[in-house]
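**Q** Generate a structure from the sequence data that follows.
(2 chains)
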2 protein chains.
Amino acid sequence: MVKVNPQVRRVMHSPTLRIHEHVGKLRGQGRDVVHFGFGESPFPVPPSVVAELRKHAGDSRYLPSQGLMALRERAASYLKRRFGHDADSARVVVGPGSKELIFDALFALRGDLILPAPSWVSYGPQGQMLGKRVIWTRPDPEGGYRMTAGAFGEACRRSRTTQKVLILNSPCNPTGAVYSAGELKRIARVARRYNVVIVSDEIYAEITFGRARYRSIAAFCPERTLVTNGLSKGFCAGGHRLGILLVPKRMQALTDHLVCIASETFSCVAAPIQQAAVPALSDRKDVRAHVRDTVAIHRMAGHFLWRECERIGLRCPRPEGAFYLFPDFSPFAKALRRRGIRTDEALCEDLLGRAYVALLPGSGFGVPAAHLAARLATVDYDGAAVLKAFRRRRPGTARETHRFVQRHCPNLPEGIRRLERYLSDLA
Amino acid sequence: MVKVNPQVRRVMHSPTLRIHEHVGKLRGQGRDVVHFGFGESPFPVPPSVVAELRKHAGDSRYLPSQGLMALRERAASYLKRRFGHDADSARVVVGPGSKELIFDALFALRGDLILPAPSWVSYGPQGQMLGKRVIWTRPDPEGGYRMTAGAFGEACRRSRTTQKVLILNSPCNPTGAVYSAGELKRIARVARRYNVVIVSDEIYAEITFGRARYRSIAAFCPERTLVTNGLSKGFCAGGHRLGILLVPKRMQALTDHLVCIASETFSCVAAPIQQAAVPALSDRKDVRAHVRDTVAIHRMAGHFLWRECERIGLRCPRPEGAFYLFPDFSPFAKALRRRGIRTDEALCEDLLGRAYVALLPGSGFGVPAAHLAARLATVDYDGAAVLKAFRRRRPGTARETHRFVQRHCPNLPEGIRRLERYLSDLA
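**A** Next comes the predicted model:
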């Protein structure tokens, strides 16, 4: 028998991808599933990105491990322009997705890993695979599952390493929460006090619903914050696998270590893919319009589903960004218990089996199973068709918006109807 | 100060990529450098691969972490058809380059890492980064630097882990050696005796110069051999970053762990890149011709340079595949010592500084610096132009071949002239 590294053995196939493949199978069998499980941008890649990829399809040369210089320059000015980061191409690293770059950062950085509960499904396994102790903050359902500075400090005190690492994700997968300047300031203070390096996963930073400008934790403790971002969410190109990472000026030397990891693993991101990313991160009018319109649709879908979740009796924080809701079924805990359902996993299985609605159990995100929380992705519609309809006639009033979603994203109201029926059957 | 993982801190930027960037800089300054340092295929990507990439430039969906099913099927039948492997799509994993897949295999497998000296520059650092003990076999310059079963057994006895991992690379980077059936059989026997899992890096398997069919170690101990391959070398698409890994039937379960690592790091290879790889691994006539012609050119260049190296007095094993030579300058050791040059690094620096010829020091490949060995890559020519010329008029005789290289790959004879002058200046 082959002997497998116990750190690797401990980790299971990412549940996000697993449910996606499962639903794919059910649909392949002709089952009509509402897929609130998998979060990928449903929209087409911006046409100028596609054109650039076509143009460079024959590029067969290896690029520098840190990334194509032209792309790093665009990435640096993008991060500066859009989010006010103190960015410099010399401190930008390009990788095959920001997930890989976060993994590399965790690989390079010593210390325990602190994670807000809930957090995205991959952070925890990444830490485990790398032999890190993973410390979850105490979840706060009453506060919409946002990590408070208090809960963060408490987690820091449980750690025994002098340096610690926190991954902060705003807008947050799975809750849709966007941290405010005040919250970030308080978190930054705790980070400084306990010597925490922050990996700020800003992959959803383009997708926010409020009017206020996006604020990053890097604005409040720039010296200790690595920023990751990429093309997958706001730029609708998840399948292109391109991420960027910014090292803070005060940690400049860390860049070399990250480039070194890159050079011994993926070498460099595929040359045509890097070339294609250049127009995405340039300040092009067509790309800006693409992002703006798709974000408007994410907002409509998110708010529609949030209102509907509230209406049918789920407890659900209002989404402020990304494309997820994090409802919990605790108001139905008693009725579910009568059916033998005590955990979020049992709940999600039952929902998929009876109502053909796919949700992800909150426990995959670090929330105790008894909370009966689940992640609901709001993107089960035909992005290309919806974008076209939106551009033909932009809904203005609340009523038009509601109608637009009902008409063009039929799986969203259908999913709600199924959830509603499921819940009423419980009584 | 940020605290960096000591395993990561220990490893330096891959020297292969570093010298490439350095030479690029020199050339950018107008310096006329003969680049025998960096090994990438100089040829264009096969046109049908480029066409397929163009067709799928807009694919924005995530694919399964294990890889696109159509591609895994093609990969399995390719490995079966071309090399006789016992392949099955269920045991194929697709990654962003075979380097990443080798890293993942080392991550998943317990035990010390045994490396033939010389071995490719990245295996050692990968092992170190992962906290593995790296055990080098005793190098055998007299035997053309091929690993003998005896030296392998000796290395196994130095290991204290019950399971060990060997990376075997045939055709070999840096020596161009191709292991014979007899040699592989003896190595397989040792592997069985000492419980060694073999990662057979077959990235150059398309590029062999003999008439005999390529033999893999997997033919002699299939139960304990993982095979890696990809598009970078034989298919001239290094910049596309696509590798494949085959898990042996007896280790089927290991596939899940590798897919799990994939799913927590790079997620999946970019969708357009995977689609583009499908025609490469299909048994298409145009792709077969592309590979055949480019291999014929590699053979001419390799044999030309080998004969010239011998002529000017270097000791150099005859290349049987890949696109490298591994000459050693030990016949000039005395003269070099008079100039204060005692190590291969000092030698390579001096060569780049005085003669503008870039070579990689053998110590980067695990050979003691005092051997004065260096890797010479044979690909410093304009692949597209050379391929065109070759197709216009294929050289037949030895004399035509010699003339073809002199005319169409002028940097190769120029590099030799510079080396010759350098060596004669020593006397």
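
**Q** per-residue confidence at the residue of the stretch 101-250 of chain A at minimum distance from chain B?
**A** Using Cβ to the nearest Cβ, the closest approach of the stretch 101-250 of chain A to chain B is made by residue A:239 at 3.6 Å. Bear in mind the C-beta positions are built from the backbone N, C-alpha and C, glycine included. pLDDT for residue A:239: 95.

**Q** That one contacts residue B:271, correct?
**A** Yes. Look at residue A:239 against residue B:271 with Cβ atoms under 8 Å: they come within range, at 3.6 Å.

**Q** just checking, next helix/strand downstream of the helix or strand of chain A with the lowest mean pLDDT?
**A** Every helix and strand in chain A was compared by mean pLDDT, DSSP states H and E; the lowest is helix A:15-28, with a mean of 74. Moving toward the C-terminus from helix A:15-28, the next helix or strand (DSSP states H and E) is strand A:34-35.

**Q** With only the CA atoms kept, save the helix or strand just after that following strand in CSV.
**A** Toward the C-terminus, strand A:34-35 is succeeded by helix A:47-55 as the next helix or strand (DSSP H and E). Output of helix A:47-55 as CSV, limited to C-alpha atoms (Å, rounded to 0.1, in the frame of the first residue of the first chain):
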residue,chain,number,x,y,z
PRO,A,47,-15.2,40.4,-25.7
SER,A,48,-11.9,42.3,-25.7
VAL,A,49,-10.4,39.6,-23.4
VAL,A,50,-11.5,36.9,-25.8
ALA,A,51,-10.1,38.7,-28.8
GLU,A,52,-6.7,39.1,-27.1
LEU,A,53,-6.6,35.4,-26.2
ARG,A,54,-7.3,34.5,-29.8
LYS,A,55,-4.5,36.8,-30.9
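
**Q** Now residue A:326. Nearest residue, chain neighbours left out?
**A** Nearest residue to residue A:326 in three dimensions, chain neighbours excluded: residue A:175, at 4.2 Å (Cβ to Cβ, 6 or more residues apart in numbering or on different chains).

**Q** count of neighbours near residue A:338?
**A** Residues lying near residue A:338 (other Cβ atoms under 10 Å in any protein chain shown) number 10.

**Q** what's the pLDDT at the closest residue in space to it that isn't next to it in sequence?
**A** Spatially, and ignoring its direct neighbours in sequence, residue A:338 is nearest to residue A:426 (7.8 Å; Cβ to Cβ, 6+ apart). With respect to pLDDT, residue A:426 scores 91.

**Q** Other residues contacting stretch A:179-190?
**A** A:146-149, A:152-153, A:156, A:168, A:170, A:172, A:196, A:215-217, A:219-221 (Cβ atoms under 8 Å, 6 or more residues apart in numbering or on different chains).

**Q** check which helix or strand covers residue A:245.
**A** Assigned by DSSP H and E, residue A:245 falls within strand A:243-246.

**Q** Packing partners of the following helix or strand past that strand?
**A** Going down the chain from strand A:243-246, the next helix or strand is helix A:252-264, by DSSP H and E. Packed against helix A:252-264 by the contact rule (3 or more Cβ pairs under 8 Å, 6 or more residues apart in numbering or on different chains; DSSP states H and E) you find strand A:92-95, helix A:98-108, helix B:6-9, helix B:123-129.

**Q** check which helix or strand covers the residue nearest in space to the middle of chain A.
**A** Centroid check for chain A by Cα atoms, centre = their mean gives residue A:173 as the closest residue, at 4.2 Å. Using DSSP H and E, residue A:173 is not contained in any helix or strand.

**Q** ok, now how distant is the residue nearest to it when sequence neighbours are not counted from residue B:264?
**A** Once flanking residues are discounted, residue A:173 sits nearest to residue A:120: 4.7 Å by Cβ to Cβ, 6+ apart. Going from residue A:120 to residue B:264 by Cβ to Cβ, to the nearest Å gives 11 Å.

**Q** out of these two, which sits in the busier spot?
**A** More crowded of residue A:120 and residue B:264, by other Cβ under 10 Å: residue B:264, with 29 against 26.

**Q** For that one, give me its contacts.
**A** By Cβ under 8 Å, 6+ apart, residue B:264 lies in contact with A:11, A:14, A:99, A:103, A:122, A:125-126, A:129.

**Q** repeat for residue A:55
**A** Residue A:55 neighbours (Cβ under 8 Å, 6+ apart): residue A:275.

**Q** Test for you: state the pLDDT assigned to it.
**A** 98.

**Q** Return the distance of residue A:353 relative to residue A:347.
**A** 11 Å.
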